[in-house]
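> Could you work out the structure for the sequence below:
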Amino acid sequence: MNMGHDHGHDHTHGANKKALLISFIIITGYMIVEAIGGFVTNSLALLSDAGHMLSDSVSLGIGLLAFTLGEKVADYSKTYGYKRFEILAAVFNGVTLVLISLYIFYEAYHRFMEPPEVASTGMLVIATIGLVVNIIVAWILMRGDTEENLNLRAAFLHVLGDLLGSAGAILAALFIIFFDWGWADPAASVIVALLVLISGWRVTKDAVHVLMEGTPKNVDLKDVIAAIERIEGIERIHDLHVWSITSGQNALSCHAVVCDELTIRESQELLRKIEQELAHKGIGHVTIQLESSDHPHDDSLMCEGNGGSSHHH
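Here you go, the predicted model:
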């Protein structure tokens, strides 16, 4: 039952890795062009976009490293392998985004006070090419698993912020060319910074939730409890924990109280039924301890796992 799940995960993993590699090459190349262009034209909107692109380049590189390390097999030292590195990479990316946005706010404030001369035509040309590059990279990443994979989603949000940054730089350049509005350059960079801040905060929050072994967002705990307890032979469950090993790989452990007279064969059949039921609910790694009704147990862990819920199973 789990082999199909793992095969599907490996296939998606390969596609995600390829998407990251192509995106990394394109973004890194254009980031250098945009940084040089920002210095030459004296545009903060371009420089902030290049700074964001640098963080993209780093995030995509770390993302690639995370996928590569995640392929390393489990050993006695790391029994889950290195899959969690993906989540650590997502935390790093999220925090980087937040720091970059704060720096752009700081720079923009000074430019509002004293708007410098900007070579608007060069700025317009570089920003337009940047927009095309970001659209291509966003399309490549969208074809990967941006919904389930936190690491890939972090990289995609970086690129989306870039795309909007390039659009902002284009608008700013047009305002400077036609209306001579010098403040349009720092104004565009502030809008980019806001978008960067929001996406950085979201990625960091989601990644920390995984590191804290919180219940995966795509798993309804009440539904899981009901599904297990509906199975014939299960009296109740306790010590239930559901968490994510990494993006798209959910795990569950619990104690299940069963009828005393179950044979070993019946117990195995019962376990198979539970595994099949949970596979439909997006949980591929299941560890269940079967015990008789007279087995002593503590319900307090169940309550803690449920965030203080009043369920006593």
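
> Can you list the helices and strands that the helix or strand where residue 38 lies packs against?
Following DSSP states H and E, one finds residue 38 within helix 2-41. Judged by 3 or more CB pairs under 8 Å, 6 or more residues apart in numbering; DSSP states H and E, helix 2-41 is in contact with helix 44-70, helix 120-142, helix 150-179, helix 264-279. C-beta here means a position set from N, CA and C on the backbone, and glycine is covered the same way.

> Please enumerate the strands of the stretch 201-313 of the chain.
Secondary structure of the stretch 201-313 of the chain (DSSP state E, counting those that start in this stretch): strands at 234-246, 249-258, 285-292.

> shaky segments in the protein?
1-13, 70, 73-74, 79, 145-146, 148, 151, 295-313 (pLDDT under 70).

> Point me to the residue sitting farthest from the middle of it.
Residue farthest from the centre of the chain, counting by CA atoms, centre = their mean, is residue 261 at 46.2 Å.

> how about that residue, phi and psi?
Dihedral angles of residue 261 (phi, psi; degrees, to the nearest 10) stand at phi -90, psi 20.

> picking up where we left off before, same list (the strands of the stretch 201-313 of the chain) but as CSV, adding distance to residue 167 and mean neighbour count.
Formatted as CSV, the strands of the stretch 201-313 of the chain follow (distance: least, CB to CB, whole Å; neighbours: other CB atoms under 10 Å):
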stretch, distance to residue 167, mean neighbour count
strand 234-246, 33, 19
strand 249-258, 36, 20
strand 285-292, 42, 15
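
> Distance to residue 100 added to these, as JSON lines?
Putting the strands of the stretch 201-313 of the chain into JSON lines (distance: least, CB to CB, whole Å) gives the following:
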{"stretch": "strand 234-246", "distance to residue 100": "25"}
{"stretch": "strand 249-258", "distance to residue 100": "30"}
{"stretch": "strand 285-292", "distance to residue 100": "36"}
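
> distance of the nearest residue to residue 203 once chain neighbours are set aside from residue 163?
The shortest distance from residue 203 to any non-neighbouring residue, by CB to CB, 6 or more residues apart in numbering, is to residue 94 (3.7 Å). The gap separating residue 94 from residue 163 is 18 Å, by CB to CB, to the nearest Å.

> more crowded one of these two?
When neighbours are counted by other CB atoms under 10 Å, residue 94 comes out ahead of the other of residue 94 and residue 163, with 25 against 20.

> so that one makes contact with residue 197?
No. Using CB atoms under 8 Å, residue 94 is not in contact with residue 197; the gap is 10.5 Å.

> With that, I have no additional questions.
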